[in-house]
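S.K.: okay, here's the prediction I keep looking at, along with the sequence it came from:
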Amino acid sequence: MRERETDVVVVGAGGDGPALAWRLGELGIDVTVLEAGPFYGNEQWPAPREAPGGESSSDPSDLSGDRYDEQFTAKEGEMNDLIMGKLRWGPADGDRPAWARTVPQQAIVAQLAGVGGTTQHYYANHPRAFVGSVDDQPDWPIDYADLVPYYQHLEATHPIRPAPTTPKAELFFEGARRAGYDLTTGYNVTEEGYRPFPNAILQPDERLARDGDYDGDFGDVEGDTLAAHEHQGGPHPRGSDFEDRARRSSNVSLVPRAMETGHVEIRPNAFVTEVLTGGGTGDPQATGVEFRDTWAGTCERVHADVVVLAAGCIETPRLWLDSGLPDNGWVGKGMTTHWFDFVAGVFDPDTLEGTIGQREVNPHQGQAAGSRLDVPGVGGIAVNTFAPGITSMAMYGGGQGEFWFDRDTAGEPWDTAGRVTGRKLKELMSKYRRTLTLICHTDDRPRRENGVSLDFDTEDEHGPVPLVKFQPHPEDDARRDELAERAARLLREVGAEHVHRADAAPILLHLQSSMAMGRVLDEGCEAYDVDRLFVADHSALANGVGGANPTHTGQALALRTAETVAERYFDGVTDPIGGRTAPATADED
Ligand SMILES: Cc1cc2nc3c(=O)[nH]c(=O)nc-3n(C[C@H](O)[C@H](O)[C@H](O)COP(=O)(O)OP(=O)(O)OC[C@H]3O[C@@H](n4cnc5c(N)ncnc54)[C@H](O)[C@@H]3O)c2cc1C
């Protein structure tokens, strides 16, 4: 078996792993990042779905906008098919099926393999956690103020800016005003209010707003093109350099920075199957990992001073359990999902013309999710735009329980609810351009019964597969109902003629807190029960950050964890981000 050594080995190049690798690289620590999926947009892998290509990449000049343009098409089926699409939880080899997970209840799991991980098709919404979710809920072993300098660092780096207002946002804001909410300013949210989403998407090219003669040629547009293709990989603007893509998924924004340090090597197509340990009589000590090359099927080992798991909320506990590491009863448990729901309003053309000056909402124009309403303690509501195929599936097809015609909605704030098919689906989809879809992100709380264990009856080439259970608690149901009611009211206030509530089955795409600090990890995100083993993905979050989109907090925590790794096991940090700009109170931005 091939064996090699490095300072730190990181499992997973998803949303958070690259943030940690970047900071370690800046501190002069050598990092090998092992990633199960493909590396799109890299000259080492000119045909990542057809052939093994190179072995690893550490040279930023390997990153190629031309390859990204070739490989990402922005077509829903080609990119987003959960089984065979380019963005899926599966191996690079397009002829092989997706990897298995056992999910006993009706649910969609949307987690991706590949450099960039699930951020490859995220919407780049980057709000901070609600202040109260860190300081007032009983889960976090650190204060909100500890995270602020790391937030600020990412806000300057990606960069993160309020989303531009497009017609769908205007309609939403008008509804929020009429429903009695005020505009929120600043990033530290403590009260109800609406605001443009702080997004990790470059500002739009000014010509899109000002040039009346703009002819639709995107050839030399810089920044956001206002085409809602985030879900299909965010390939715009085409023709730009890899690291200049408008949507700052971690592969576009953080991976190039990590590689530029000269200390970070990324090895895709490498599925880690075991955490190696040694040590004497006390706690075990992580010494490296074993991985399987997903093309060749051969196994290799990487030995390191420190091991960091960044494989996401499902695979990090799966790898932990498959490796036989100690379980204090919270490994894989306490998972939060933001217990989503969707509420859509359909508008007639005259109402729209009177409100936003045009006869269609045109949901495909503008960032996929560019405006939101915060309800601290309950969650959040955001405009959420899918392309038509995914709208028909998630908004109308993904309901739990009965079909719409079996549901009595008398006395409820929506006209229809539940699953929609057939003629009704056709009717609603024919009004797609006049529909505003809102997503409710519930502040669901960590509960031990929700999370990941192993399904010993189902093994794949990497061991027993994860068994993922999510059963909402009645208190979480109540918070979700409240958000759905607030969303329906907002839509009614601004004149929706038909309101539909999806009552969605669990959608597992915001996953947090299955290996939480304070329960499995200490305040530096090192395992309580295994020395030199850290976690740097959303599983380390202590709760669901109040229902705010989690990636900003996951990445901020990963930067902080990198500094802890350096402090505890290398030469320390002379200029910690955590000590640079921390404001006196969390009220300051
Ligand atoms: C459609 C959609 C829209 C979203 N929009 C937003 C948004 O706007 N804002 C937001 O904050 N969040 C959003 N999210 C969620 C966000 O993408 C995730 O929360 C985030 O990517 C999680 O980061 P992570 O590092 O925990 O895990 P991931 O990004 O899932 O990364 C884990 C990585 O580890 C790799 N891996 C797993 N197991 C192994 C193994 N054994 N060996 C090697 N590698 C392994 C995986 O292949 C993956 O690349 C969205 C998600 C979806 C699906």
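M.R.: Cool, the structure landed.

S.K.: now Val302. Its backbone dihedrals?
M.R.: Per-residue torsions, Val302: phi -120, psi 120 (degrees, to the nearest 10).

S.K.: OK, contacts around it?
M.R.: The contact partners of Val302, taken as C-beta atoms under 8 Å, 6 or more residues apart in numbering, are 3-6, 9, 32, 34, 288-289, 291. Heads up, the C-betas are built off the backbone N, CA and C, glycines and all.

S.K.: partners of it in the sheet?
M.R.: Arg4, Val289 (DSSP bridges).

S.K.: do you know how far it is from the ligand?
M.R.: Separation of Val302 from the ligand (C-beta to the nearest ligand atom, to the nearest Å): 11 Å.

S.K.: before we move on, back to that, of the contacts of Val302, which are in range of the ligand?
M.R.: When contact is defined as C-beta under 6 Å from any ligand atom, the contacts of Val302 meet the ligand at Leu34.

S.K.: among the contacts of Val302, who's most crowded?
M.R.: Highest neighbour count within these: Val9, with 30 neighbours (other C-beta atoms under 10 Å).

S.K.: which one of the contacts of Val302 sits closest to the ligand?
M.R.: If you rank the contacts of Val302 by distance to the ligand using C-beta to the nearest ligand atom, Leu34 comes first, at 5.1 Å.

S.K.: list the contacts for that closest one?
M.R.: Taking C-beta under 8 Å, 6+ apart as the test, what Leu34 contacts is 9-12, 267, 270, 272, 289, 291, 302.

S.K.: helix, strand or coil for Arg318?
M.R.: Following DSSP: H, G, I helix; E, B strand; the rest coil, the label given to Arg318 is helix.

S.K.: that one contacts Leu454, correct?
M.R.: Yes. Shown here, Arg318 and Leu454 form a contact pair, counting by C-beta atoms under 8 Å, at 6.8 Å.

S.K.: look at those two and report which has more neighbours.
M.R.: Between Arg318 and Leu454, counted using other C-beta under 10 Å, the more crowded position is Arg318 (26 against 18).

S.K.: circling back to that earlier point, including pLDDT and distance to Thr391, could the contacts of Val302 go into TSV?
M.R.: Listed next are those as TSV, based on pLDDT from 0 to 100; distance: C-beta to C-beta, whole Å:
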residue	pLDDT	distance to Thr391
Glu3	98	49
Arg4	97	47
Glu5	98	49
Thr6	98	45
Val9	99	41
Thr32	98	41
Leu34	99	36
Gly288	98	45
Val289	98	40
Phe291	98	38
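
S.K.: and which of the contacts of Val302 is nearest Val378?
M.R.: Using C-beta to C-beta, Leu34 is the member of the contacts of Val302 that lies nearest Val378, at 39.1 Å.

S.K.: now for the contacts of Leu34, which pair is the farthest apart?
M.R.: The two members of those with the most space between them (C-beta to C-beta) are Gly12 and Val302, at 13.6 Å.

S.K.: help me confirm that Gly332 comes into contact with Leu321.
M.R.: Yes. Between Gly332 and Leu321 there is a contact under C-beta under 8 Å: 6.6 Å.

S.K.: looking at these two, which is more packed in?
M.R.: The neighbour comparison of Gly332 against Leu321 (other C-beta under 10 Å) goes to Gly332, with 28 against 18.

S.K.: name the nearest residue to the more buried one, ignoring sequence neighbours.
M.R.: Nearest residue to Gly332, sequence neighbours excluded (C-beta to C-beta, 6 or more residues apart in numbering): Pro317, at 3.4 Å.

S.K.: roughly how far apart are Ala124 and Trp330?
M.R.: Computed with C-beta to C-beta, to the nearest Å, the distance linking Ala124 and Trp330 is 31 Å.

S.K.: nope, Ile439 is what I meant
M.R.: 29 Å.

S.K.: comparing the two, which residue is more hemmed in?
M.R.: Ranked by neighbour count (other C-beta under 10 Å), Ile439 and Trp330 place Ile439 first, with 27 against 20.

S.K.: got the contact list for the nearest residue to the more buried one once chain neighbours are set aside?
M.R.: Once flanking residues are discounted, Ile439 sits nearest to Asn384: 3.7 Å by C-beta to C-beta, 6+ apart. Contacts for Asn384 were tallied using C-beta under 8 Å, 6+ apart; they are 123, 342, 368-369, 437-439.

S.K.: please repeat the previous calculation with a cut-off of 7 Å.
M.R.: Counting by C-beta atoms under 7 Å, 6 or more residues apart in numbering, Asn384 makes contact with 368-369, 437-439.
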